[in-house]
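**Student:** quick one, structure for this:
(chains A and B)
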Amino acid sequence: MSLSGTFLKKSPWVYHAHAGGCNGCDLEIVACFSPRYDLERLGIKMVASPRFADILLVTGPVPLHTKPFLERVYAQTPAPKRVVVMGACSCSGGVFADDENYSIAGPVEKILPVDVRIPGCPPKPEAIIDGLLKAMRMF
Amino acid sequence: MKLFAKVRAFGGLASNLFRKPVTVRESFGFVAYLSRGLPRRDALRCTGCGACNERCSSGATSVTDHEGVRTVSIDSLRCIFCARCADICPEQALDLYFGTADREDGLKEISSADAAGSDPGRQCLYDHELELSASDRYAKALSLAHERESDHITVDTSLPLQRCRVCGAEMPVTEKFLQVTADRMLARLKPETAVIVRKDLELYLTACISCRQKFSVKWNTYPRKFI
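**Tutor:** Prediction:
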């Protein structure tokens, strides 16, 4: 294990990449930081820029016009990095999964290497915390 | 400020010091009891009727007929855990459960009846009420997020399709579904009548639609008292 991995196991910084979701998942992320679930006591912190981030938390089915931005966000994140996808849309395409859909670049798996998937529409805050903890253990 | 209000404010402060914290514990043992769980199919009960596929709102279920075998599956990544399939299933073959496919220990599973404890009507329970072991909590927490390919629980059932006894073509129903359907129809008749009707009903059900039309003339001459 590298030295950076030692610290990332304790306190990863998370960047939330919104890729065309319906905001249902985003509201559940907000609920994760409420006093009841309180992610920051576990050392997980939300940051405003992918350049500070260790974990990318991606929501949404990735529309075509969002795909280049998501790729740039992934490129801007310094290594070592992990990708956590959240919600049925980003896990598998969800209701948008269709070969004839003209506006969706497919689930996140087609674009980025995905480490942890959190299914649900939207996932419960406990599921999000569980997914982030699993991503933490991977460092 | 009056003295009473001061005492009351101090009392609230003092009680805060001894109250349990609002934040829940990190071992997410209570999680499964606030959600419905993951879909599970009982392969012995499933007849391959495809009712779950009609009902699924997110397109997580699929029914595919290939080389005389019907495969019914649920993709847990597309599932939104709405339990509509479990509600509609005529055989009660589908339900939502708490558990995970663990590599070492096989399928760890905690049924919803155990989760509800003594009072099955209760939906919302916490881990200290349930007195679950740490491994049980871990098993349930595992089922929330998928980190390995093997965690993607896709529930599959394969059933043979019925072939038309006249022309040999594949029919879009399974053998098991026709058996169950015939039994269910005959269960409404008197036993002595059911014995007579069963043979003709099976002849009728095991023929494809185009072949049924050929012997429909004979069917119309069936004694009226049986119908």
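
**Student:** isn't residue A:84 up against residue A:53?
**Tutor:** No: in this structure, residue A:84 is not within contact of residue A:53 by C-beta atoms under 8 Å, at 11.1 Å. Any C-beta I mention is one placed from the backbone N, CA and C, and that applies to glycine too.

**Student:** looking at the two, which one has more neighbours?
**Tutor:** residue A:84 (28 against 24; other C-beta atoms under 10 Å in any protein chain shown).

**Student:** next, name the residue at the spatial heart of chain A.
**Tutor:** Nearest to the mean C-alpha position of chain A, by C-alpha atoms, centre = their mean, lies residue A:57 at 1.5 Å.

**Student:** low-confidence ranges in chain B?
**Tutor:** B:1, B:24-38, B:97-144, B:147-154, B:215-227 (pLDDT under 70).

**Student:** break it down into its domains, please.
**Tutor:** Split into domains by automatic domain parsing, chain B comes to B:26-157, B:164-226.

**Student:** what's the neighbour count on the residue nearest to residue A:76 when sequence neighbours are not counted?
**Tutor:** With sequence-adjacent residues excluded and distances taken as C-beta to C-beta, 6 or more residues apart in numbering or on different chains, residue A:76 is closest to residue A:50, at 4.5 Å. If you count neighbours by other C-beta under 10 Å, residue A:50 ends up with 19.

**Student:** can you report phi and psi for residue A:50?
**Tutor:** phi -70, psi -20 (degrees, to the nearest 10).

**Student:** ok, it - contacts?
**Tutor:** Applying C-beta atoms under 8 Å, 6 or more residues apart in numbering or on different chains, one finds that residue A:50 lies in contact with A:15, A:17, A:56, A:73-74, A:76-77.

**Student:** same question for residue A:121.
**Tutor:** A:24, A:87-89, A:94, B:58, B:80-81.

**Student:** hmm, stretch B:45-54 in reach of chain A?
**Tutor:** No: under the criterion of C-beta under 8 Å from any C-beta of the partner chain, chain A is not reached by stretch B:45-54; the shortest gap measures 14.9 Å.

**Student:** model confidence for the most far-flung residue of chain A relative to its centre, exactly?
**Tutor:** What lies farthest from the middle of chain A is residue A:100; by C-alpha atoms, centre = their mean that is 26.1 Å. Note on residue A:100: pLDDT of 76.
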